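Peer 1: Next one to model:
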Amino acid sequence: MSEKKVEPKKSDTKQVVKKAKTHLASMRYGNPGRKVRIIIVTGEAGKTTTVRLIAELLREANFKVLEMVAARDGKRTFETEPGLLHRELREASRQSYDYVIIEAHESFLDGPILETID
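Peer 2: Below you'll find the model as predicted:
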């Protein structure tokens, strides 16, 4: 019986590499997702308003809150460069933020980056 060799798809390989980069970034920055509470707001419309409302409610309850947008510009995003998110989360942790609220595109939820945020 001959065995058929199955080659991984390029998209599978890209996902594995992206997942590995994400986990390495998390470890490099000391797993910052474990040190602050994170709220992620996604959707088609109303994300910014929702983020601001949540942040204001938390601030009124005397929590220190950082608001972030997942996409920096067209080339550098938290999705394309996982180190950006973990670096920002580490900085938020160092500055004793209680909550980080992230405004993100829906595709952010599909990526491996969420696996590194506990």
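Peer 1: Does Thr42 touch Val51 like I think?
Peer 2: No. Counting by Cβ atoms under 8 Å, Thr42 stays clear of Val51, with 10.5 Å between them. C-beta coordinates here come from the backbone N, C-alpha and C atoms, glycine included.
Peer 1: any shared contact partners between those two?
Peer 2: The overlap between the contact sets of Thr42 and Val51 (Cβ atoms under 8 Å, 6 or more residues apart in numbering) is empty.
Peer 1: Among those two, which residue is more densely surrounded?
Peer 2: Val51 (21 against 15; other Cβ atoms under 10 Å).
Peer 1: ok now do that one, which residues does it touch?
Peer 2: Neighbours of Val51 in contact, by Cβ under 8 Å, 6+ apart: Val41, Glu67, Ile101, Glu103.
Peer 1: go on, Ala61?
Peer 2: Taking Cβ under 8 Å, 6+ apart as the contact definition, Ala61 lies against nothing.
Peer 1: Going forward, the N-terminal residue is numbered 55.
Peer 2: Sure, I'll start numbering at 55, so the last one becomes Ala115.
Peer 1: Can you report phi and psi for it?
Peer 2: When read as degrees, to the nearest 10, the backbone of Ala115 gives phi -90, psi 10.
Peer 1: Quickly list what Val154 is bridged to.
Peer 2: Val154 forms beta bridges with Ile92, Leu120, as assigned by DSSP bridges.
Peer 1: so how far is His140 from it?
Peer 2: Plainly put, Val154 is 11 Å away from His140 if you go by Cβ to Cβ, to the nearest Å.
Peer 1: Which stretches in this structure count as strands?
Peer 2: 91-95, 119-123, 153-157 (DSSP state E).
Peer 1: which residue ranges form the helices in the protein?
Peer 2: Along the chain, counting by DSSP state H, helices occupy 64-82, 101-114, 136-148.
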